[in-house]
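Colleague: Structure for this input, please:
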Amino acid sequence: MCREIRPETGNKNAGFTLVEVLVAITIVVTVLSAIGLLTGASSRGVRSLEQHVALVEVTRSVIAGLPSLNQLSSNEAVGELYGSRWRMGISPFVGTAAIPESPWVPVRVTIRVQSPSGAALDLETVRLQRKP
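Modeller: Okay, the predicted model is just below:
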């Protein structure tokens with residue numbers, strides 16, 4: 001292999017060979033590619049978390065704004081809040097024996113919130129309702 005000879009220093013081993021330069025470039029490209037992949041995965045994760053938090057906040061707002069279940073005219077309600085569509089369904093809660101002397105009866109409430117981008121959050125909870 002040819003090495004550059006610098007007359008002012010007199011050193012015959014000065015400079016890099018072509019193989020050394022190619023190895024260094026390969027290492028730099030590999031490291032930069034790994035950093036790019038990590039950055040891309042991180043930004044996708046952040047976007048996913050932001051979207052999930054937005055859906056949870058819309059769901060909380062829907063739950064907070066619900067009227068009393070006795071005031072609802074049907075077992076289903078739909079609406080839109082902050083650009084996200086939501087649908088709520090009410091059905092009898094099955095699985096526990098009702099306490100006869102209790103003034104409350106449990107009902108199952110299911111809420112589905114869908115963002116404009118298409119992501120959806122499903123929530124199923126139990127709410128107590130006064131017996132009629």
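Colleague: tell me which residues of stretch 83-90 are tucked away?
Modeller: By neighbour count on 16 or more other CB atoms under 10 Å, the buried set for stretch 83-90 is 84, 86, 88, 90. For every residue, glycine as well, the C-beta is placed using N, CA and C.
Colleague: now swap in stretch 94-111 and tell me
Modeller: Those would be 106-107, 109, 111, for stretch 94-111 by 16+ other CB under 10 Å.
Colleague: Between these, which sits nearest residue 49?
Modeller: Nearest to residue 49 among the buried residues of stretch 94-111, counting by CB to CB, is residue 111 at 20.5 Å.
Colleague: Does that closest one belong to a helix, a strand or coil?
Modeller: Following DSSP: H, G, I helix; E, B strand; the rest coil, residue 111 is assigned to strand.
Colleague: do the same with residue 40
Modeller: Judged by three-state DSSP, the three-state class of residue 40 is helix.
Colleague: so how many other residues sit close to it?
Modeller: 10 (other CB atoms under 10 Å).
Colleague: measure it to residue 46 for me?
Modeller: 11 Å (CB to CB, to the nearest Å).
Colleague: Run through the strands of this structure in chain order.
Modeller: Using DSSP state E, the strands of the chain run over 76-81, 84-92, 104-114, 120-130.
Colleague: and residue 54, which of those strands is closest to it?
Modeller: strand 84-92 (7.7 Å).
Colleague: pLDDT score for residue 120?
Modeller: Residue 120 carries a pLDDT value of 88.
Colleague: residues contacting it?
Modeller: 55, 112-114 (CB atoms under 8 Å, 6 or more residues apart in numbering).
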